[in-house]
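Asks: Return a 3D structure for these sequence lines:
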Amino acid sequence: MRTRIKEIFRCQSKFKDQEVTIMGWVRTNRAQAQFGFLNVNDGSFLNNLQVVYENDLVNFDEISKFGVGVSVNIRGKVVLTPEMKQPLELHASKVEMLGDCPETYPIQPKRHTREFLREVAHLRPRTNLFSAVFRIRSVAAMAIHTYFQDRGYLYVHTPLITCADCEGSDQMFKITTLDLNNLPLNAGKVDYSKDLFGKQAFITGSGQLQGETFAMAFGDIYTFGPTFRTENSNTKVHANEFWMIEPEMAFCDLNGLMDIEEEMLKFVIQYVIERCPEEIAFCDQFVAKGLKAKIERLLSSNFTRITHKEVIDILQKANIKWEFEPTYNGDIAKEHEKYITEYFNGPVFITNWPKDIKAYYMKLNSDNETVAAVDLIVPEAGELMGGSQREENLEKLLTRMKELKVDANNIDWYLDTRRYGGCVHSGFGMGFERLIMYLTGIENIRDVIPFPRTPKNCEF
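Replies: Prediction:
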């Protein structure tokens, strides 16, 4: 029976002097005349297991020539070595090659640039860096589900194919079964009545609208899945395919929403710290010095709550020449986010944003100038979550849609959430990759997604 390397490291006393069988891939091979050392990794644990093989093995000469990347089946005795650099090693009684690997193998035991590793994205999980990143991603995903499931939220699978989306059709990928070389036309325009769904369809940019309908039945729900945007942006923080966490809560106002955002973020960070100590330590050492202290500090941080107007007041009084001048009717730039988190020495909720730069579904405040929206900005990362109290008043919602030229007929089903037993409700969205960047210190979104989809890049 195969034993995973993680089990051996985690339960050292249990496996002391025990015979085990491991299967994995050779990371390094140091062969000498009488003995040699294989460093083997099976994907279950960040650290490699050192395997000692000696010349009394019948295939010693063959083992000595095993190259990096070879897959192996090894049987041996676990020996604890507390006095050595590694806490234990495996003394091999049998080493069998399962799959050879030629010298042209791109992932050699040296430091590769992240740009190069993106070109071999199908192989980069075999490096220490991406072993750590994608294990943290897996554990963080489980933390998200655990947080919401333990609190009675319903997990909703909202559709990836939609004919209406809160992001607007200009932000969405169009899909069709029509022959693009022979499109059916009606008065010079494409006749989508001939398409599969009888109308124009898109790949979703958000599950929010459908999520709200379920919140009006189940109270508290969340979605967690892939979303897509057509934005032609080659920045370090944008991708055309990414994952979003989007909870929607009935009977919840803006203050309640912020309570949930703070609690959820702290829960996820604590969950990852407890379950990925080796990975966090690795990222702290090799990716971003001080990472562990940064995320631990957030757990005990006070989350300041301040309005957009108060933020602009602070920024305009600062003795700084801004690249982008802060204005009361405008957005907040990265340089402003950095200053504000340093000013308050911790995470900051910015509330009550100008209505003209926010979406139609956000609740209009009594001043008729701002909406009950909130962005959470955190030190060194900037915006991490964005949400709002939703406009529950049908007439006010219709007025906002008219102002922003949103076709009410196209989402009449969504308006039923206000017609039939509507209530105060709120929701937020968090880009999952933004969270992973924060947890790992990785600066480029392309390095926290297994196979990134960005402009001019759709490989693998």
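
Asks: got the buried residues for the strand or helix carrying R137?
Replies: Here R137 sits within helix 128-150, counting by DSSP states H and E. Of all the residues in helix 128-150, those buried under the rule 16 or more other CB atoms under 10 Å are 128-137, 139-141, 143-144, 147-148. (Each C-beta comes from the backbone N, C-alpha and C, glycine too.)

Asks: what does stretch 5-12 give?
Replies: Those would be 5-6, 8-9, for stretch 5-12 by 16+ other CB under 10 Å.

Asks: and what of stretch 344-352?
Replies: Buried residues in stretch 344-352, counted by 16+ other CB under 10 Å: 344, 346-352.

Asks: I would like the residues contacting stretch 174-191, please.
Replies: By CB atoms under 8 Å, 6 or more residues apart in numbering, the surrounding residues in contact with stretch 174-191 are 161, 192-196, 200-203.

Asks: What's the local residue count around the nearest residue to E369 once chain neighbours are set aside?
Replies: Ranked by CB to CB, 6 or more residues apart in numbering and with sequence neighbours excluded, the top spatial neighbour of E369 is K355, at 6.3 Å. Counted by other CB atoms under 10 Å, the residues lying close to K355 total 22.

Asks: same question, Q108
Replies: When counting by other CB under 10 Å, one arrives at 12 neighbours for Q108.

Asks: can you tell me the helix or strand for it?
Replies: With DSSP H and E as the test, Q108 turns up in no helix or strand.

Asks: For it, give its distance to R434.
Replies: Applying CB to CB, to the nearest Å, the value for Q108 to R434 is 32 Å.

Asks: Specify the residue positioned farthest from the middle of this protein.
Replies: Centroid-distance maximum for the chain: D56 at 48.8 Å, with CA atoms, centre = their mean.

Asks: could you pull out the strands for the stretch 1-150 of the chain?
Replies: Remark: strands assigned in the stretch 1-150 of the chain by DSSP state E, counting those that start in this stretch are 19-31, 35-41, 49-54, 71-80, 88-99.

Asks: neighbouring contacts of the fourth one?
Replies: The reference is to strand 71-80. Against strand 71-80 from outside (CB under 8 Å, 6+ apart): 8, 12, 15-26, 38, 40, 51-52, 66, 87-99, 101.

Asks: Quick one: low-confidence residue ranges for the chain.
Replies: The chain contains residues with pLDDT under 70 at 165-169.

Asks: Give me the distance between the two termini of stretch 218-232.
Replies: End-to-end span of stretch 218-232 (CA to CA, to the nearest Å): 37 Å.

Asks: Which parts of stretch 267-285 count as buried, going by neighbours?
Replies: Of the residues in stretch 267-285, 267-269, 271-273, 275-276, 279-280, 282-284 count as buried by neighbour count, 16+ other CB under 10 Å.

Asks: Need the residues that contact that stretch.
Replies: So stretch 267-285 is contacted by 45-47, 128-129, 131-133, 135-136, 139-140, 142-144, 146-147, 290-292, 295-296, 298-299, 435, 439-442 (CB under 8 Å, 6+ apart).

Asks: chain center to that stretch, what's the gap?
Replies: Between the centre of stretch 267-285 and the centre of its host chain there is 15 Å, according to CA atoms, centre = their mean, to the nearest Å.

Asks: End to end on that stretch, go ahead and measure it.
Replies: Using CA to CA, one end of stretch 267-285 lies 24 Å from the other.

Asks: And the helices in the chain?
Replies: Listed in chain order, the helices of the chain (DSSP state H) span residues 5-10, 12-15, 60-64, 114-119, 128-150, 208-218, 254-275, 277-286, 291-299, 308-317, 334-344, 394-403, 412-419, 432-440.

Asks: among those helices, which is nearest P226?
Replies: Nearest to P226 among the helices of the chain is helix 432-440; the distance by CB to CB comes to 9.4 Å.

Asks: Packing partners of the closest one?
Replies: Here helix 432-440 touches helix 128-150, strand 241-250, helix 254-275, helix 277-286, helix 291-299, strand 382-389, going by 3 or more CB pairs under 8 Å, 6 or more residues apart in numbering; DSSP states H and E.

Asks: any idea how far C101 is from D61?
Replies: 18 Å.

Asks: F451 is in contact with E459, correct?
Replies: Yes. Checked against CB atoms under 8 Å, the pair E459 and F451 is within contact range at 7.5 Å.

Asks: Look up the residues that both of those two are in contact with.
Replies: The contact sets of E459 and F451 overlap at A121 (CB under 8 Å, 6+ apart).

Asks: burial count for L196?
Replies: Neighbours of L196 (other CB under 10 Å): 12.

Asks: how near is it to I175?
Replies: Here L196 is placed at a distance of 9 Å from I175 (CB to CB).

Asks: now L394
Replies: Here L394 is placed at a distance of 31 Å from I175 (CB to CB).

Asks: First-to-last residue distance for stretch 102-111?
Replies: So stretch 102-111: terminal residues 19 Å apart, CA to CA.

Asks: Oh, that last question was meant for stretch 6-21, not what I typed.
Replies: Counting by CA to CA, you get 13 Å between the two ends of stretch 6-21.

Asks: got the contact list for that stretch?
Replies: Contacts for stretch 6-21 (CB under 8 Å, 6+ apart): 1-3, 22, 44-45, 47, 49, 73-80, 87-88, 90, 93.
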